[in-house]
Structure formats: C-alpha cells, structure tokens
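Novice: Give me a model of this one.
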Amino acid sequence: MAEPSAFDRENSKLQPLGPPPGLLDQFNLPPAFVAFVRRNRRPLSIVAVFGLALALGISGYSTYRDHRAGKAATALDAALAAGAGSRSQLEQVASEFAATPSAVWARIELARLDEREGQRAAAIARYEAVNSGLGSGSLVKPLVLIKLAGLFEQDKQWDRALALYNELAAIEGFAAEASRAQGRVNEQAGRKAESAAAYAKFLELTAPADGQAKADPERDMIRFKLNQLKK
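Specialist: Numbering: from 1, shown residues only. Have a look, this model is predicted:
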C-alpha cells in the first residue's frame, strides 16, 4: 500500500494549520515574555507612546533653550559694545533672558556700572541679588563674593564683609585669598588677635610645598604685618 502523500486532499484535512508566527516569535524570546507582552499590549503601547512624547518634549525644550541662550549671548555682546547706551541694553538682557548665563553677566556688569558711578548701595543690592541666585558650585560665585565683600569693606561694614570672606574660604582654591582678606578686615576693625590668626593662616596656606623659602613679596608683606600685630 502506498504511503499517504503530504499533498493528498484528505490528509490535509487531518493536519490543521497552527496560528501564524508573530513578530515577537521571530526574535527567539522566552515564551513567558511573549505571552506577557501579548496580554498587556494596550498598557504597554500607552507607556511607549508616553515615553516617545516625553523624549520629543525634552528634545524640543533643549533646542529652544540652546536657541535662547544663543540669542542672549548675542544681545549681551551688543550691550557691552554699546558704550554710553549700554545700561539700558544690559537691563533688557537681564529682564528678557532671565535664568541664562548672559543675564547673570548683564546684572554683574550693571553692578559694576553702579560702582563706577559711585552708587555703592545700588551696586551692593545688585551683587546681593546675583549672589542669592548662584549655586555653591557656580564659577561666577567667587567673583561676586569678592566684589560684594570689597564694597562692604569700603562701607566699613566689617562683619558683613567677614561673613562673605568666610563663604569664599569654603570654595576650593580661594582659602588663601579669603584668609588674607580676613586679616585685612580684622586689622581695619582693630581686632588684632583675629587679624593675626588670619594672616598666620594665609602664610600656612601659601607655604612652599618643598619647604624651601622663596622670594615672595606678598608673603613678606603679610609676615611683616603679622610681626607688627604681635608687638
């Protein structure tokens, strides 16, 4: 007797076809994972659409932010080159492009204009506003602290100047500069012991790493001041 052929009509009726393989089956994924995806197709689709929308939103915001920062930088350059009319243009940069680095620099430049025009109180107010908006890691913060503390020194507000120099001392790379300034402020305020301690700290921080004495006019001046305070 001949064996049944695979192409025999009667034989084909006895061999029903299974469901056609899906896309997930082509990747040799674990059956349990494939079943999970098929059971949760709708919620997973919603999550995927939400993720795509979020990614597009972030990308769009980044593009907008970069474009705005570029416009702010251009406006700041124009304001700095404006000469006599720079104040109004700097004010416009500070207000129109708030929260950009260019706006911060515009406010600092406005404070410097106030200084040059003898408006010390206005300059202090501007620097304080800028300083309050800067993070501890901002590269601009040491500059603002030094300028603001210097204005308080000129105004003989010793304690406020010292507080700012204490803040400066906590920033890496500025401890020596802050110690020298603290010595100077305390000396002007008549606080000899505090001044001597600050100057001694400065000499300690600026001592040569190899321990060998080298010509250093600044250290020589501080050493002389320290000796005078100890008399």
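Novice: contacts, neighbours, all on C-alpha from now
Specialist: Fine.
Novice: what about stretch 168-178, start to end distance?
Specialist: 6 Å (CA to CA, to the nearest Å).
Novice: So which bits of that stretch are buried?
Specialist: L168, A169, A175, A176, E177, A178 (16 or more other CA atoms under 10 Å).
Novice: And for the host helix or strand of the first one, what's in contact with it?
Specialist: Using DSSP states H and E, L168 maps to helix 158-169. The contact list for helix 158-169 (CA atoms under 8 Å, 6 or more residues apart in numbering) reads 142, 145-146, 148-150, 152-153, 174-179, 181-182, 185-186, 189.
Novice: Spell out, range by range, the helices that occur in the protein.
Specialist: 9-13, 31-39, 41-80, 86-96, 101-116, 120-132, 141-154, 158-169, 175-188, 192-205, 217-230 (DSSP state H).
Novice: Can you add mean pLDDT and give these back as JSON lines?
Specialist: Formatted as JSON lines, the helices of the chain follow (pLDDT from 0 to 100):
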{"stretch": "helix 9-13", "mean pLDDT": "50"}
{"stretch": "helix 31-39", "mean pLDDT": "63"}
{"stretch": "helix 41-80", "mean pLDDT": "67"}
{"stretch": "helix 86-96", "mean pLDDT": "88"}
{"stretch": "helix 101-116", "mean pLDDT": "91"}
{"stretch": "helix 120-132", "mean pLDDT": "95"}
{"stretch": "helix 141-154", "mean pLDDT": "96"}
{"stretch": "helix 158-169", "mean pLDDT": "96"}
{"stretch": "helix 175-188", "mean pLDDT": "96"}
{"stretch": "helix 192-205", "mean pLDDT": "95"}
{"stretch": "helix 217-230", "mean pLDDT": "92"}
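Novice: residue contacts, E194?
Specialist: So E194 contacts G183, N186, E187 (CA under 8 Å, 6+ apart).
Novice: Among those residues, name the buried ones.
Specialist: G183, N186, E187.
Novice: which one of those residues sits closest to A73?
Specialist: G183 (38.8 Å; CA to CA).
Novice: Excluding sequence neighbours, find me the nearest residue to that closest one.
Specialist: S195 (4.1 Å; CA to CA, 6 or more residues apart in numbering).
Novice: Could you do A189 as well?
Specialist: A189 sits nearest to W158 (CA to CA, 6+ apart), 6.7 Å away.
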